[in-house]
Each structure stands twice: as structure tokens, then as C-alpha cells.
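> Quick one: sequence and predicted model below, then my questions.
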Amino acid sequence: MKKFTLLFLLAMTSLLQQAFAQNRSISGRVTDRTNSQGLPGVTVLAKGTTVGTSTNSDGTFVLSVPAAATTLTFSFVGYTTIDQPIGTSATINATLAPDTKELGEVVVTAALGIQRQQKEIGYATATLDTKEITQARVTNVTNGLAGKVSGLQIQTIGSGINPQVRVTLRGSRSLTGNNEALIVVDGVITTNDVLAALSPDDIANISVLKGANAAALYGSQASNGALIITTKKGGTTPQITLSQTSQIESVSFLPKFQSDFGPGANSWNGQRPGQNSRADFAPNGAIDTNEDYAYNSFENQQFGPRFDGTLQPFGEQLANGDIQMLTYEGRPNEKRNFWNHAFQVQNGVTFSGGDEKSKFFASYQNVHNNGIVPKDKFDRNTFRINASRELDRLTIGFNVSFSQQRIDQTNNTDRDQSVYWNWFNTSSMAPLTSYKDWQNDQYANPNGYYNAFYFNPYWILDNNRTNNRQNTLLGNIDLSYKITDWLRVQYRLGSTNINQSSLTTQNKFVYNAYIRGGNTNKGGAGTTGYVQDLSSNLNRINSDLFVSMDKTFGDYSVQAIVGNNVQQLDSRFNAVSSTALATPDLFNLSNRVGNLAGSDASAKSRLYAFYADVTLGYKDYLYLHGSGRFDNTSVLDANNRSFFYPGVDASFIFTNAIPALKDVSFLDYGKLRGGISKVSQVNLASNTGIGVYQTGGAYALNSTYSLGGGFPYGSLASFTANGGLVQPGLLPETTRSIEAGIELSFLKRRVSGAVTYYAQKSTAQTVQTSISGATGYSSLLLNAGEVQNRGVEADLNIVPVRLDNGLTITVGGNFNYNNNKVISLPGGLTQLALSTGGNAQLYAKPGLPYPTLSGSHYQRTEDGRVKMATTRNTYDASDPTIYYYPLKAADNIDFGNTQPKFKYGFNASATYKGLTLSGQGELRTGYVVYNAIGEDLDFTGSGARSAMYGRQDFIYPNSAISNDNGATYVPNTTGFTPGGAEFWAQNSTWNRTVAENYVTSGKFFKIREVSLSYALPAALLAQTGFIKGLSLNVYGRNIFTWVPKENIYTDPEFSFSNSNAIGINTNLQTPPTKFYGASLNATF
């Protein structure tokens, strides 16, 4: 394979050199006059010929021109076209100034991949080019959008080698359905799964259609807005680009731990007024097997005495009689050093070329990532090839991308076998990093590991693995025939095919006879082990046939589309597993104890649609746009599966319409816009969480049947209905949206901005409600409920410094306020549960934001003080002290919404002669999160909160006590609460099952990106004769995170689920991270 790759590169280089030799080679760089940064996508044309090319991501170009050519023409939409004489130089640089009176000419990729000029559009959009997306070398393209577009929320819900990313626009509209943006790649609707499969270097630009108005042409898939991704295409000049990126990933911050107290689980430790206070240590360094003392050497909990440096046993006596002895001290760095400083490499190469009739582009990228979790690895190989050819009036093109992902990581299938949980349960006294070699170190092996109740985290790493393989093939064929100069027919067939397979294993481990004989406090026989084998696939086909026209009639212009869309989703999975292994280390389904468990399913759904879209323009200042789409979907009732979705918007460029404004020097551009639309989504469960299997809503209207418990029994089979009824004539959820906005530019684009107001009302929510079991069913799926979103978006960019010597400084920002509220629920329901199982959960509640966090709390007096009750020392009855503990209330309260109401993005850059320093930050506020890991930290005694009073008795803050059995309460100034395990961990209703203790503000500020790049002068590179562009970039991502003092837990973005139940973190995650790296790009 390596020899073939080398021969291929040599052959391509030889061909390119021959192509250059036929003509004269000119190279250079095109920069923006406003900020001195390189301009990608500028057309460079040898005047009087059809020979040309486009600049790459940093503005550099290479063009092979005929010997007779004398002038180069540089043109770009929204900028003034200039000519530059060629002369004898092989290097020509150009600077383009914005055409301030033609700002509306900027091209935006709209629905169906059709390009429209900015002035024609009556709704809010944003477009980011490849440089903005990749300047901090993200591996998932959506991470390059975070904080850069008003109204767009990119939420990385966890860390790891391939973390999930949630993409939403303008809040949430569906109570139980999908709220993520539609993904469209090169005009083809695809799935969110492809985002992790795309190489960011292949992206030319991403247009963000922020709301339903912008995406209305997609009908029943348009309610959540859309990301329109356009990939790179070839040019007219042969070009090779090589890129190399190396970066380090490390933990950005950890939960706040205590490192003052050692292992121990007993309550009522310390010297107290009674006669029988518990002693700290067993005498003579003995092991406290019965847990009679404060120090318990084998405990996972960390409520022992304060560290004093004495030599103590750690763990229990082993089968051979050995005992591990350690100085009784904290080793806090051991827990931090458990996490890797991960190393990531990105290597890429692109080939592009062509002529005025043909274009060709090919690329390859490899990403290798060793995660912060030891032994976790991620590899992705991405290949892309596209080409097009003009044959008179017919244009033919294709675009194919293949991504191969390989993941080897620790599986976190449950709490007790997760890395984070076992790491929490490791004492800071433990020399953790010395326990890596658990196979050979008797104190690291489960038979000798100190912790009697949980595992060595390194053992977890080796014995709980998931190996996942996922291949993604994304492709499309485009045929376009120009009937006349203004009329064209186009057909596009696209396909997304994802094949996934995974093997999830847990090794079997049997404790030795000494432990099984009950000689230690370790329970059970060990771990039984298992094998889970899963394969799944998804195939999505998208077909579009449409006719488009673009014609001007005097002062009037008409752009219209009429077309047909057909989509088909075909998906399946097969899963089989064993419940226990017969022998260790052999992960085969035949190596099992007991029966196999398994299931499989397949689903197919289809949608066809007809649509029309027309834009009417008048005198280059007034544009009226309307669209309509008729959808027919297979997953709804045959008599109720067809729907029509209209939309209309208008754009008024008042700087073009009012003659007096055309000569106003300080006002460059002004536009008013507004629109109204109706869209929907069919909310029938599609995502299953089983590999990539999606149902598309198939089988949702009728009862399905699964094997009954204990069956098959021999030759007998039994099946159980799913217990669900569906309302006859179930409808899609409908969203009606309006928006209005203004766009302005002043002082030759030194100041520009936009403001948008939007309002969305989503009705006919698809909600599952409980019904009486007397019906023979347990639930009913029906249309009822309403959700409302209202908000404001604002964008501002300023160029305070722009000097003739090339120094340019720009600053900018964006803002989004979203007020989301549940208006009603079906049947008078007071709440709809979105999650279950914990002390705080997420709900939809009428009159409140969505989702709302509700949970347990303390009883309080009218003035807000916590009510206290009395207790006594249960270890020492001779202790005369009356102690106080807070009273847990019987009901739950609402803590607030878990999605930010306010989002702010900030950016700044300074450029001087090829050197660019840029930075980008984001602030989110106006919401709360529930830190479920706080319960774990208090239970284990490892968290700083459990030691905030030095494990001494304390007066509970803002509390009140009663001297008349609860009839009245007075402020508490004298009543002490016990400060050990009895409060923080053992009596759960006192502390760790009270959710209000772990609810914090979700506010954060992050420096998302900082980069310093330098592009070598083209004149210098010309002297090499073969290097046409060379740039170096050093960068950091998420290098600084600020959270309020109360958040001592984790990143507020993290959530246990990539669903609508956002806002709760758990022990199945890992710590947040930051990145530092450098990249080198060379063009030949």
C-alpha cells in the first residue's frame, strides 16, 4: 500500500509538472483590503482567455497562463474587480477592496444547494468559509462553528476520542421529537451521523439557514433550520496541497477534590463530648477488618481521619500474607496524572485541476487520536473525489466521499464498570499511577487491590472495551442541462450509506480461593464477563428533479424552481450477546454460560414531494420570494399522509431604492427583510440508540410484539404487545414562524451588522400519555400541546484599524436571546417527563421554559431558611449533644431551564503582512444544570464539598431551628450539624438525595479558539520554483474556561444524553479537555 501511494504521488507530480511546463506559471496571494487576510475563492483569470483558477483557503493561487497573456483579472462577489499586468514577474499579489455599493451581491447557498445573492433573501442566514471553520484544526466540522453564528448552538455533550455534538438553531420546538438542524451536503439531505465522518479540510463553506423561514422548501424536515455544507471543487490549474497537524489534548479542569482525609466509611468520627469516641487507627498498624475505627484501609469512601504522615496498612492482607504499607498522606497529583496528555495527528493531501470545461478534486485525510482516557484510540481515514464536465449545454458531475472510522475505547455501559465512577472511588492516598500493571503487580490486581468494593481504574480500562467500526459512503450525481440561457433542468441523485459494527466485551475475572473463602471484605466471586456483537446499517437515498429559470424582463427579474423530491430510508440491525463467559480472555459467543440474548429489526420509509419556489425582483431593490411544498410520507395513515407547506418572505434594499441614500458616504448598504412560513416534522420515533439503526417512523402506528419474558421455552413461543395505542389520523407537528430583520453597513464596511426578531409557535405536539390498563394498553400517542419560541439575534463587526502598511484590526460579536416556553400539554397534564430515575429530572411544564429541571429540595420557612430537625449520636449514646440536620421536603420544585437564554460570541483579529493573530470566545448564561456527579463525590467523600467544614460539626448556613416541635422556627445560631459521613453520605435524605445541593448556574465563558498564523510571501516562495504557498499556524482550542465559583464539578455543556433531556451530567462521562497544536500547509 505504501509503495502504491508513493508511485501515485510521483505520477501525479510528474503530470502536474508537465502541465506547468507547457505554459508560464504565475503564483501569488490575494488579500482583503479591509483586514489584510487572505481571500479564498477569488477568481483569477488570464484576461482575454478562459484560463483561470480560484484562490485557496489562505488566498494563495497558482495559475499556468499562455505565454501571450499580459494581464490577470481578479474578481470576487462583493469586491471591486481589478486588473494587474503580468510583466516578467512570476509572483503577482493583489488586494481587493469591498464594493460597498454591491454588498448584496454576496452569494449564499440556499435550499436545494441553489445559490442566491444576499440582497434577494428575506430571512436570516450566515455563511462561514473554510478558513473560519478550520483555523483551530477541529476534527468534527461542527466544532468549528461554535460561538460564530448568532442563533446557532453547538453543544459538545462530553469529551473523549469522538465526542457527540448537538446542533440546534433558535431553541427547541418539539417536546419529544428531533430538535437538531437538518444536514444537507452538496444539495443532498443526509443524516447527522455524517458530521463526524467529514474532513473539515474538504469543506468550502457552510451556510446556516437559521430558521423555518430559510429552510421552508424542505417541508416536513425544515422546522429546525439547516446546515448547508458545500464541499470543495477543482479549478483550472493543477495544484497539490499538503497539510500536517499535531496537537496535544489535556484535561482542562477536574472536579474539586479534597486531599486531606483518607479512606473510611464510619459515621460519628472524631472526639465528641461522650465517653466512647471512635479512635482514628487500629493499634499497632493492624488492619481494621471489622471497621471499628475511623481509618478503614480497604474502603472506597474517604471519611477517614486527617492525613498525618504515619505508616499505615493500605488494603487488606493478601493470600500470601503480604500487606501493602503506605505513609498516610494525600497524593492528589496521582488522580490527575491518571488522564493522558493525548496526542493527535492530522495528515492530508489534496489534488485539484482542470480547465474551463472540466474540474477535478481529490483529497485524503488521516486523523489519529489517542484520547485522555488511557488506551482509547480513534482513527479516521477520509477519501473524497469529485469531478465535473461541461458538454455543450449538458453538465455532468459527481461527488463521492468515503470515511472509515475505527474506535477502540473503554465502554461505560453502567456505573460500576465505568472509568469515572471507579476513579471517584479511588482515595487520594492511593499511588494510582503505579497500579497500571495489574497483571503483574499484586497490589493492582483485583485479588490484591486495596478497594474492597470497586475496581482499579486501570483494570476497568483493560477489561471493558468497545471496538467500533463505521464506514460512511456519501455521494451524489448531478446532471444539468441548459435548455436556454435562462432555463435549466437539473437532476441530482444522492445517497448516504453507513455500515457499523461493534464488539463490546467485559472480561471474566474470578477472585482467588482466599477471597472467595470470605477472608476479606470483597464480595462476590468476581465479574462474569460478556460479549455483545452488534451490526447495523443505514441507507438514505435522495432524488431531486427540478427545472429552474433565471430571467430579467426590463426592471423585473424572475427566478423560479419547480421540482420533485423522493427520499427513502432503509435501515436494519442485528444484535446478539452472551450473559456470561465460560473462560476468561476468549471473546466469542460460543464461550458462554447460559443462553444467548439478541434481537434484530429492519425498517423502511419513503417520502415523495413536489415543490415550487419563485423570487420576483424589481429594480434591484425589492424582492418577493415564495415557496410551497407538498409532502406525502409513508409512515402516517394512508388517508392522512399528505401535507402542504407554504412560505413567503420579502427583501427591500433601501439604499438602492432611495436615490438620496446612494450618495450618502457613510452608509454603504441597508436592507429590511421579513417572512412567514409553515413547516412541520413527523414526530414518530426514529433514532433508536442501536448503532446507526433508524426506523424513520416505520411501525409506529400499530402495536409491535416482542418475546415474552422467559421465552422461547423449549419449543414454545410467546409474544407481548408493546402496550401502545396511537390516535387515528395522527398529524405532523406544525411550526408557524415569522421573522423580521435589518442589515446595515457603514463607512466602507468598517462597521456592519444585522438584527433579527423571530417568533415560532409549534402546535399538534406528538406526545405519549398514560391511559388506564383496563383498556388493555398502557399509553396513547396523540397530537396535543404547544411550544413557543421568541428571540432576537444580533451581529456586529467593526474594523477600528485599517492602515496602508497592511495592519488591520477587526473585532466583532454576535448575540442571541431565546425565550422558550411550553404553552400547553395534552389532557390537562401538569408535566411531561423527559428523563427518569434521579433526584432531579427534566420536564415539560405549561407556562415554563423547555426543558425545566425539577427535583428534591429542603423544607424552608417563609423567609427562606432551611428547617432543621434534631438527631443524636448513634455511635455513642453517652454523647449529650443534640445535633441538627436539614429536613428534606416531600415534593419537588422547579430550578429553572437547562438551555441558555443568552448566548454571546466574540471574535477579534489583527493582521500584518501575512501574520494573523485571531481569537474567538463564547459566553452562555441564563440557565441551570444538574451535577449528578456531585452526589457521587459526596457519597465517596472524595469531593471538596464534603470537606468544606474540615469534617467538623458546623452550623448549617441559613437554617432555622424549632423549640416547639415545628410550630415556629427561629434563626439557627447555635445548633450544630454533624460534619462527617453521617451527614454527607450515610443518611441520604440529609444531603446527597436533595437535588438542590447540586444545581448550579450553567453560565460559562470559554476562549474557544486562539490562533497565530503566518503565510510566507509569495515572492519568497517563487524563488524555490515549486512551492507556491506555505503557511504555519499555532493554535489552541478551549484553552480557558470560566464557570461560577459554585460549579466545582464539570463543564456545563456536558450532558448524559444527546436528546431533548439536556442539562444533567453523570459518572458515565470523563473530564472536559483543551487542545494546543500546530499545523503546516504547503501548496505546490
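Happy to help now that I have it. This is a predicted model, so every value here is computed, not measured.
> can you map out the helices along the stretch 951-1084 of the chain?
For the stretch 951-1084 of the chain, the helices defined by DSSP state H, counting those that start in this stretch cover 981, 1018-1022.
> oh, I was asking about the stretch 301-450 of the chain
Under DSSP H, counting those that start in this stretch, the stretch 301-450 of the chain gives helices at 332-337, 419-424.
> And for the chain?
2-22, 130-134, 212-215, 332-337, 419-424, 457-463, 513-516, 654-657, 659-662, 932-940, 981, 1018-1022 (DSSP state H).
> Tell me which of the ones you listed is the most buried.
Highest mean neighbour count among these (mean count of other C-beta atoms under 10 Å): helix 212-215, with a mean of 30. C-beta: built from backbone N, CA, C; applies to glycine.
> Export the helices of the stretch 301-450 of the chain to JSON lines and append columns for distance to Ser1059.
Shown next, in JSON lines, are these (distance: least, C-beta to C-beta, whole Å):
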{"stretch": "helix 332-337", "distance to Ser1059": "31"}
{"stretch": "helix 419-424", "distance to Ser1059": "20"}
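> mind checking which of those helices is nearest Phe307?
Nearest to Phe307 among the helices of the stretch 301-450 of the chain is helix 332-337; the distance by C-beta to C-beta comes to 10.8 Å.
> pLDDT on that closest one, on average?
Averaged across helix 332-337, pLDDT comes to 95.
> now do stretch 739-757
The average of the pLDDT scores along stretch 739-757 is 95.
> Please shift the residue numbers so they start at 17 in all later answers.
Okay, residue one is now 17; in that scheme the one you just asked about reads as stretch 755-773.
> could you dump it to PDB, C-alpha only?
The C-alpha trace of stretch 755-773 is given here as PDB (Å, rounded to 0.1, in the frame of the first residue of the first chain):
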ATOM      1  CA  GLU A 755     -39.100  36.800  11.400                       C
ATOM      2  CA  ALA A 756     -38.100  40.300  10.500                       C
ATOM      3  CA  GLY A 757     -34.700  42.000  10.400                       C
ATOM      4  CA  ILE A 758     -32.400  44.700   9.200                       C
ATOM      5  CA  GLU A 759     -28.900  44.600   7.700                       C
ATOM      6  CA  LEU A 760     -26.600  47.600   7.600                       C
ATOM      7  CA  SER A 761     -23.100  48.500   6.600                       C
ATOM      8  CA  PHE A 762     -21.300  51.800   7.300                       C
ATOM      9  CA  LEU A 763     -18.000  53.600   6.500                       C
ATOM     10  CA  LYS A 764     -16.900  51.300   3.700                       C
ATOM     11  CA  ARG A 765     -17.600  48.200   5.700                       C
ATOM     12  CA  ARG A 766     -15.700  49.400   8.800                       C
ATOM     13  CA  VAL A 767     -19.000  48.900  10.700                       C
ATOM     14  CA  SER A 768     -21.600  46.300   9.700                       C
ATOM     15  CA  GLY A 769     -24.300  44.400  11.500                       C
ATOM     16  CA  ALA A 770     -27.700  42.800  11.500                       C
ATOM     17  CA  VAL A 771     -30.600  42.400  13.900                       C
ATOM     18  CA  THR A 772     -33.400  39.800  13.600                       C
ATOM     19  CA  TYR A 773     -36.500  39.100  15.600                       C
END
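> If you count neighbours, what's buried in that stretch?
Going by neighbour count (16 or more other C-beta atoms under 10 Å), the buried part of stretch 755-773 is 755-762, 764-773.
> any idea how far Ile173 is from Thr257?
Taking C-beta to C-beta, to the nearest Å as the measure, Thr257 falls 33 Å from Ile173.
> so where is the chain shaky, pLDDT-wise?
Along the chain, the parts satisfying pLDDT under 70 run over 17-39, 50-51, 93-94, 115-123.
> To Glu1025, which of the helices of the stretch 317-466 of the chain lies closest?
It's helix 348-353; of the helices of the stretch 317-466 of the chain, that one is closest to Glu1025 (C-beta to C-beta) at 25.0 Å.
> For the closest one, what is the distance to the chain centroid?
Helix 348-353 has its C-alpha centroid displaced from the chain centroid by 28 Å (C-alpha atoms, centre = their mean, to the nearest Å).
> Pretty sure Val817 sits against Ala924.
No - applying C-beta atoms under 8 Å, one finds Val817 not in contact with Ala924, separated by 11.3 Å.
> residues shared between the contacts of these two?
Residues touching both Val817 and Ala924 by C-beta atoms under 8 Å, 6 or more residues apart in numbering: Ile825.
> that older thread, so of the buried residues of stretch 755-773, which ones are in strands?
Within the buried residues of stretch 755-773, residues falling in strands by DSSP state E are 755-762, 767-773.
> First-to-last residue distance for stretch 154-168?
Stretch 154-168 has an end-to-end distance of 18 Å (C-alpha to C-alpha, to the nearest Å).
> tell me the contacts of the most centrally placed residue in the chain?
Per C-alpha atoms, centre = their mean, the C-alpha nearest to the average position across the chain is that of Val181, at 1.4 Å. By C-beta under 8 Å, 6+ apart, the residues touching Val181 are 156, 158-159, 170-173, 211-212.
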